[in-house]
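S.K.: predicted coordinates and the sequence they were generated for:
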Amino acid sequence: MAGGIFKAFLWVTAAMALAMAEGARAQLVPCYFVFGDSVFDNGNNNDLNTSVKVNYSPYGIDFARGPTGRFSNGRNIPDFIAELMGFSDYIPPFAGASPEQAHTGINYASGAAGILEETSYHLGDRISFGKQIQNHQTMIMTANVPLEKLERCLYTINIGSNDFLNNYFMQGYNYNTSRTFTYDQYAEFLIGRYRSYLKLLYVQGARKVALFGVSKLGCTPRMIASHGGGLGCAAEVNKAVEPFNKNLKALLREFNTNFTDAKFTYVDIFTSQNPLAYAALGFTETEKSCCTVESGKELCAANKPICEFRRRYVYWDKVHSTEAANMFVADSAFAGVNAFPYSLASLAIL
Ligand SMILES: *[C@@H]1O[C@H](CO)[C@@H](O)[C@H](O)[C@H]1NC(C)=O
Ligand SMILES: *[C@@H]1O[C@H](CO)[C@@H](O)[C@H](O)[C@H]1NC(C)=O
Ligand SMILES: *[C@@H]1O[C@H](CO)[C@@H](O)[C@H](O)[C@H]1NC(C)=O
């Protein structure tokens, strides 16, 4: 209890300190690369054959450039991180990027992507984590980005949620993971794959890497409806995520131990999703989506009513967070409130 209050207090303090520190800031890293799923995607699915794309209104209603393919009403977490790192513009999506942009950063994230290749296959095309790392390889080689520079860039990764949502807990398609693995075994299996991909990224020059854990997926409006009986967080789903996060933390300790020049850090978005932190940050709607979502769907219906006070909502649609929630995650990762052993700020300067 006291821990929760303390944490909530830290969040608010960090957010205020950062708000004051906004404004002109020197760019802290020469380049920033983004990998992951819809939480980080900023338009890579727009031209893919998939139902997981959001380049239509009301997505982007609070974003100056309108609907871009970001899964939110406004900025996503990498947008805030780019701002905090002092970049003068957001990191461009891989789709449509020129190799030259690999000198300053590219966002490879793709909605529905998983650690496992087959994850989300029933939703259509997506760029899996493995494919994103291949794309990165192609871009940095084509652009001839020097290794010495790649070692000074920031890398953030948010992957794994779909391996639960659109694989392990997805009924009615021939996903076999829940029949094959217990929660602990599945976590080990996923982390084994994750380890191989991270090694590739390390060989490609990644040294300052922030790995985002999986959030309380059981508390998304989608999972409350499908696995929580409509009555609050689906405990089983959150329970399945915990060993994954635990092993992910161990994985980055392994990198930091084995490679003395590696600075890998873990961003915990699971623990901070609690009523006290939400209340302290002014979120009053923590289980309902802000936009209109048709029954059985999870993304916003096009051009349908949305909530007025977006700032008070955690969830924008049935799985993705609002700009306000994204801001607090990014700010606290930057300040180190939810990131260890390194804050994003210290990753940048170390
Ligand atoms: C898009 O995907 C659907 C379903 O997987 C498939 O039936 C259709 O042929 C695909 N369209 C194109 C243009 O590839
Ligand atoms: C489960 O499915 C995957 C991918 O579709 C396949 O490679 C694997 O052999 C299957 N495993 C079992 C135990 O059926
Ligand atoms: C770290 O070293 C241990 C012991 O040599 C090894 O088993 C493990 O695979 C290494 N991990 C990585 C990520 O290289």
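M.R.: In hand now; what should we look at? Ligands and ions are numbered 1, 2, ... in the order given.
S.K.: quick check: which ranges of the stretch 201-350 of the chain have low pLDDT?
M.R.: Along the stretch 201-350 of the chain, the model assigns pLDDT under 70 to no residue.
S.K.: got the residue ranges for the helices in it?
M.R.: Using DSSP state H, counting those that start in this stretch, the helices of the stretch 201-350 of the chain run over 221-227, 235-258, 275-280, 323-335, 344-349.
S.K.: let me know which of these is the nearest to ligand 3.
M.R.: Nearest to ligand 3 among the helices of the stretch 201-350 of the chain is helix 235-258; the distance by CB to the nearest ligand atom comes to 3.7 Å. Glycine gets a C-beta too; all of them are placed from N, C-alpha and C.
S.K.: which parts of the closest one are buried?
M.R.: By neighbour count, with 16 or more other CB atoms under 10 Å as the criterion, the buried positions of helix 235-258 are 237-238, 240-245, 247-249, 251-252, 255-256.
S.K.: what does the protein put close to ligand 3?
M.R.: Residues of the chain lying near ligand 3 by CB under 6 Å from any ligand atom: 195, 199, 254-255, 258.
S.K.: how far away is the closest residue to Gln27 other than its chain neighbours from ligand 3?
M.R.: Excluding its sequence neighbours, the residue lying closest to Gln27 (CB to CB, 6 or more residues apart in numbering) is Gly86, at 4.1 Å. Distance of Gly86 to ligand 3, given as CB to the nearest ligand atom, to the nearest Å: 31 Å.
S.K.: Gly86 and ligand 2, how far apart?
M.R.: Distance, Gly86 to ligand 2, by CB to the nearest ligand atom: 43 Å.
S.K.: cool, and Lys149?
M.R.: 38 Å.
S.K.: now Arg310
M.R.: Distance, Arg310 to ligand 2, by CB to the nearest ligand atom: 39 Å.
S.K.: what about that residue, how many residues close to it?
M.R.: If you count neighbours by other CB atoms under 10 Å, Arg310 ends up with 20.
S.K.: now do the contacts for it.
M.R.: 62, 73-74, 290, 316, 322-324 (CB atoms under 8 Å, 6 or more residues apart in numbering).
S.K.: tell me where the protein has strands.
M.R.: Ranges of strands in the chain, per DSSP state E, are 32-36, 154-158, 208-212, 263-267, 285-289, 313-315, 339-340.
S.K.: can I get those strands in CSV with mean neighbour count?
M.R.: CSV is the format used below for the strands of the chain (neighbours: other CB atoms under 10 Å):
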stretch, mean neighbour count
strand 32-36, 27
strand 154-158, 27
strand 208-212, 24
strand 263-267, 23
strand 285-289, 18
strand 313-315, 24
strand 339-340, 18
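S.K.: for Met141, which of these is the nearest?
M.R.: Across these, Met141 has its closest neighbour in strand 32-36 (14.0 Å, CB to CB).
S.K.: gap between stretch 58-70 and the chain center?
M.R.: 18 Å (CA atoms, centre = their mean, to the nearest Å).
S.K.: for the residue in the stretch 1-150 of the chain that ligand 2 sits nearest to, report the pLDDT, please.
M.R.: With CB to the nearest ligand atom, the shortest gap between the stretch 1-150 of the chain and ligand 2 falls at Glu118, namely 4.8 Å. pLDDT, Glu118: 97.
S.K.: export the strands of the chain to JSON lines and tack on distance to ligand 2?
M.R.: Listed next are the strands of the chain as JSON lines, based on distance: least, CB to the nearest ligand atom, whole Å:
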{"stretch": "strand 32-36", "distance to ligand 2": "22"}
{"stretch": "strand 154-158", "distance to ligand 2": "23"}
{"stretch": "strand 208-212", "distance to ligand 2": "25"}
{"stretch": "strand 263-267", "distance to ligand 2": "29"}
{"stretch": "strand 285-289", "distance to ligand 2": "31"}
{"stretch": "strand 313-315", "distance to ligand 2": "31"}
{"stretch": "strand 339-340", "distance to ligand 2": "34"}
